[in-house]
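*Asks:* build me a structure from this.
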Amino acid sequence: MTRSHTQQGMVLLMVLLIFSVVAVLATSMIDRQSIDIERSQTLFTQQQARLYALGAESATRSGLYMDWEADAAIDHAMEEWTVERTFPLDPGIINIRIQDAQGRFNLNSLLPGGASAVHEQRFKNLLSLLGLEPVIASDWAKWLNKESNVDNKYLSMEPSYRPAYQACKHTSELMLIEGVDLTAYAKLEPYIACLPASVQLNVNTALDFVLASIDSRLTLTDAEQLIAERGQAGFKSVQDFMESSVLSKLKNGARNDGSSTGSAGNEEQTPLVETDFSVTTEFFEMFARIDLNGRIGTVEALIHRNKADGSMATVRRDFSRRAAREAW
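*Replies:* Numbering: from 1, shown residues only. Just a heads-up that it's a prediction; the model follows:
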């Protein structure tokens with residue numbers, strides 16, 4: 001009897017052990033299944049948000065084409081496309097913001113040839129206005145110019161790398177320059193762009209710091225006055241911009257504080273040439289943020305609008321950016 005009871009007890013223990021193992025395995029499988037379901041839901045939502053983002057880009061193209069059809073001769077800061085818009089989704093919301101990339105300083109204008117020296121001085125002016133070191137402009141000009149032969153400077157860094165010696169594709173490339181850390185880049189980013197070197201600055205959308213940088217004699221107060229003069233409808237032509245009260249004083253050889261420009265001032269003056277400026281835009285930057293019940297999707301796209309026929313092309317697209325540029 002004792003042996004039989006012992007055997008029955010062992011069988012019971014084995015059954016309980018097997019039941020415990022099965023229970024643990026079942027719990028683990030349920031947890032894993034829950035994780036897989038959650039992961040699948042997240043991936044589905046991400047794909048859904050990305051499709052909404054691409055839809056926002058398509059809607060932006062349609063809006064920009066309508067703007068071109070309405071008036072292809074002028075683009076200014078008070079047009080419909082500049083208004084930030086929010087649309088409801090089921091469930092969630094989508095926010096779309098369009099900015100004029102030609103309202104910023106073009107880093108590729110420092111490529112060798114043409115008026116690169118003039119644009120380098122303007123970049124120095126912008127850096128000074130933002131409280132950054134003007135030498136960054138010289139280093140950037142060397143970064144773009146193979147004749148500068150600055151390989152050793154960057155190859156000696158840790159980690160080492162070579163200068164690009166070519167046009168930039170994204171403004172974050174500026175952080176490869178010595179002295180441009182994340183803090184400096186954050187100050188500069190809202191005011192810079194990487195566009196074809198020949199692209200002109202749209203004076204109807206240019207920000208105050210960018211306008212003040214076009215001549216070393218200008219101040220932020222002058223830039224604010226220029227913005228006030230362009231008004232709700234913008235300058236009708238580049239000639240109107242050149243004949244503004246602020247720039248007229250410069251052409252007459254006087255600073256805007258009332259003093260005259262001497263030889264020292266002439267050394268830093270940057271020639272104001274009409275061909276450097278425009279009142280229309282070809283390159284627009286769209287940022288869309290999609291919120292689907294707390295799951296966020298974003299897209300930033302640089303869109304080129306052909307000024308001849310209004311046709312659109314996406315130059316680049318980035319799904320990693322979390323927020324739009326803050327200066328706008």
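
*Asks:* just the strands in the stretch 201-328 of the chain please.
*Replies:* Along the stretch 201-328 of the chain, counting by DSSP state E, counting those that start in this stretch, strands occupy 201-202, 277-278, 283-292, 295-305, 312-318.

*Asks:* can you tell me which of the ones you listed is most buried?
*Replies:* Comparing these on average neighbours per residue, with mean count of other Cβ atoms under 10 Å, the densest one is strand 201-202 at a mean of 26. No exception for glycine: its C-beta is placed from N, CA and C like everyone else's.

*Asks:* tell me what it is packed against?
*Replies:* Applying 3 or more Cβ pairs under 8 Å, 6 or more residues apart in numbering; DSSP states H and E, one finds that strand 201-202 contacts strand 277-278.

*Asks:* the strand it packs on pairs with which strands, parallel or anti?
*Replies:* strand 201-202 (parallel) (DSSP bridges).

*Asks:* show me how far the strand it pairs with is from its chain's centre.
*Replies:* On the basis of Cα atoms, centre = their mean, to the nearest Å, strand 201-202 sits 16 Å off its chain's mean C-alpha point.

*Asks:* and for residue 23, the neighbour number?
*Replies:* Close neighbours of residue 23, defined as other Cβ atoms under 10 Å, add up to 10.

*Asks:* mind checking the end-to-end distance for stretch 106-115?
*Replies:* Distance between the boundary residues of stretch 106-115 (Cα to Cα, to the nearest Å) amounts to 13 Å.

*Asks:* oh sorry, the question was meant for stretch 238-247
*Replies:* With Cα to Cα as the measure, stretch 238-247 spans 12 Å from end to end.

*Asks:* now stretch 164-172
*Replies:* 13 Å.

*Asks:* buried set for it?
*Replies:* 165, 167, 168, 171 (16 or more other Cβ atoms under 10 Å).

*Asks:* show me those residues that map onto helices.
*Replies:* With DSSP state H as the criterion, helices contain none of the buried residues of stretch 164-172.
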